[in-house]
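In: I need the structure of the sequence given here:
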Amino acid sequence: MATIKLPAVLVGGSSTSEVEVAGETVRELFENHADEHGPELRDSVIEDDEIKEFINVYVEGTPVEGLDAEVPADAQVRVIPAASGGR
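Out: Have a look, this model is predicted:
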């Protein structure tokens with residue numbers, strides 16, 4: 001199973017969390033996670049069948065472009081919201 005590392009801002013906590021999820025693609029990981037833990041994470045990451053514009057998903061350190069990206073068994077998947085600032 002892959003391990004998804006989630007920042008506190010997406011899980012509503014004060015620290016990064018990790019969860020193991022089965023799936024062969026990024027889409028399957030988020031769908032399986034939603035089936036087990038509820039749709040909040042999936043809905044924070046996916047919109048209109050795409051990864052949201054200001055969310056970055058990495059599989060083994062490589063950025064993925066779409067939900068059909070393959071996820072090897074035992075891969076580490078990171079979800080990172082884009083950081084932005086203003087004046």
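
In: for the host helix or strand of Arg42, the distance to its chain's centre please.
Out: Under the criterion of DSSP states H and E, Arg42 resides in helix 40-45. Its chain's average C-alpha position is 8 Å from that of helix 40-45, according to C-alpha atoms, centre = their mean, to the nearest Å.

In: so Arg27 touches Val64, yeah?
Out: No: using C-beta atoms under 8 Å, Arg27 makes no contact with Val64, being 10.5 Å away. Heads up, the C-betas are built off the backbone N, CA and C, glycines and all.

In: you'd agree Glu36 is in a strand?
Out: No: Glu36: not assigned to a strand; according to DSSP: H, G, I helix; E, B strand; the rest coil it is helix.

In: so who does it touch?
Out: Val21 (C-beta atoms under 8 Å, 6 or more residues apart in numbering).

In: swap in His37?
Out: Going by C-beta under 8 Å, 6+ apart, the list of residues near His37 reads Val19.

In: before we move on, what about Ser44?
Out: Leu10, Lys52, Ile55.
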